[in-house]
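kindly return the folded structure for what I paste below:
(one chain, ligands or ions: 1)
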Amino acid sequence: MQGVIDRIVLTSALVAACVLPAEGGNNPVARVTAFVKLDVKPPAIKGSLWLDRNTVEGRTPIDKNGDTDYTDGELYLARGPLMAYVNRQFLVMWDGKIHPMVLEDLVYDKRRDAENPFVKLVFSIPGYAADKEIVIASMLLADMWKSASTMISLTMQERSQVFVLGSKDYFDSRLARPEKGAQARFACAENCLGVELKTRSEKCPRCGGPIVPVAGARVPGAGYYGIHGGSLMPFIPAPLKLEGLLTQTGELRVYATNDALEQLKVEGWSGTARIGAEQAPQNMMEQVELAASPDGSHLRAEIPKGVRPPVRAICTIDAKDGKGRRMVDFHLDEVIEVSPER
Ligand SMILES: [Zn+2]
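All right, here's what the predicted structure looks like:
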């Protein structure tokens, strides 16, 4: 009688966290996040699961020949150990039983919000009948990282939602209607890191994917990653944020966004940037002019020759709002692919 019953309980067990030493290569939020997409359509649940390559390598080693790419043979040999791990840590239940995933494909895949490739498991969970209540518990990566979370985009009866599980969350979708007085939240159904909005917008500002309601913990990376994948910093006292990024074309770019991650024009803005290696003393950093791009979408400057990530860019910017020049200190450790003409 309740119509759609999509009961989802998402729990994460408390697991003693042994934190692995940090390594470079991927943004830290992507490394401690498992991304899951589930499409619930009788007679099966189809899904995919992305795990950061270095995280997988630290947990269930795949590489045999010491290079950074996985061969088909290496991936083939990893199928058993990886599925054993995933089926132990990510539990999908209905009718009081755990229904294991069946692996259909294991591939190496890129995500737009992270530099490292991901290991992507494509799976199905057979035997699902319509209107069954579903319970999901995730302890993925919680055995490795204290701050592990699982971001799940779930489509059921044409409706999509995003759930985020922190390491201590317990979640039941029947109880998961937004609490009275709670701020509504929306996120990208493609699980873009950092895209959490307070108002429903047409599409994801980062990937153009559909925007859907979000429940559970805070979206991983919210407040850290801008819509282009760069580093997001407040631009006090203005109610806006600046996103800094290094591009593959050798530029430092600075975009302006509001709280809803909508991009603002920077026409007439100006500034300077002192750019150098992350550890360089400030007097060794080269000062360059920041100028607005012809279309007014961002400020930019050329990165001085020989400067490689991780890069520090201390920007002093006048937003022509009468509040004078203000400083924003970017720490940028990734190169972001942008289309050169923009
Ligand atoms: Zn997106």
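
show me the shaky parts of this structure.
1-26, 167-180, 340-342 (pLDDT under 70).

count the neighbours of the nearest residue to S138 once chain neighbours are set aside for me.
Nearest in space to S138, with sequence neighbours left out and distances taken as Cβ to Cβ, 6 or more residues apart in numbering, is T150 at 4.0 Å. (Glycine included, C-beta is placed from N, CA and C.) Residues within reach of T150, counting by other Cβ atoms under 10 Å, total 29.

quick one: the helix or strand where T150 lies near the ion?
According to DSSP states H and E, T150 maps onto strand 149-156. No: counting by Cβ under 5 Å from the ion, the ion has no neighbours in strand 149-156; the shortest distance is 9.9 Å.

I'd like the next helix or strand past that strand.
The helix or strand immediately downstream of strand 149-156 is strand 159-165, counting by DSSP H and E.

got the CA positions of that following strand in PDB?
Extracted C-alpha coordinates of strand 159-165, given in PDB (Å, rounded to 0.1, in the frame of the first residue of the first chain):
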ATOM      1  CA  ARG A 159      14.000   8.200 -10.100                       C
ATOM      2  CA  SER A 160      17.600   8.900  -9.400                       C
ATOM      3  CA  GLN A 161      19.100   9.900  -6.100                       C
ATOM      4  CA  VAL A 162      22.600  10.200  -4.600                       C
ATOM      5  CA  PHE A 163      23.500   8.800  -1.200                       C
ATOM      6  CA  VAL A 164      26.800   9.400   0.500                       C
ATOM      7  CA  LEU A 165      28.000   7.200   3.300                       C
END
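
could you check the angle strand 149-156 makes with that strand?
Angle, strand 159-165 to strand 149-156, by axes from the mean of the first three to the mean of the last three Cα atoms, to 10 degrees: 160 degrees.

any residue of strand 159-165 touching the ion?
No: using Cβ under 5 Å from the ion, strand 159-165 stays clear of the ion, coming no nearer than 10.3 Å.

where do the strands sit along the stretch 1-150 of the chain?
Counting by DSSP state E, counting those that start in this stretch, the stretch 1-150 of the chain has strands at residues 9-11, 33-41, 44-52, 90-94, 97-98, 102-109, 118-126, 135-138, 149-156.

kindly report the same for the stretch 151-300 of the chain.
159-165, 170-172, 186-188, 196-197, 211-216, 231-234, 241-247, 251-257, 263-264, 270-277, 286-292, 299-302.

returning to what we had before: got the contact list for the residue nearest to S138?
10, 12, 33-36, 90, 138, 140-141, 164-165 (Cβ atoms under 8 Å, 6 or more residues apart in numbering).

then R200?
Per Cβ under 8 Å, 6+ apart, neighbours of R200: 184, 186, 211, 213.

could you single out the nearest of these to K41?
P213 (19.9 Å; Cβ to Cβ).

and that closest one, how far from R112?
22 Å (Cβ to Cβ, to the nearest Å).

and what of I98?
For I98 relative to R112 (Cβ to Cβ), the value is 33 Å.

many thanks, have a good one.
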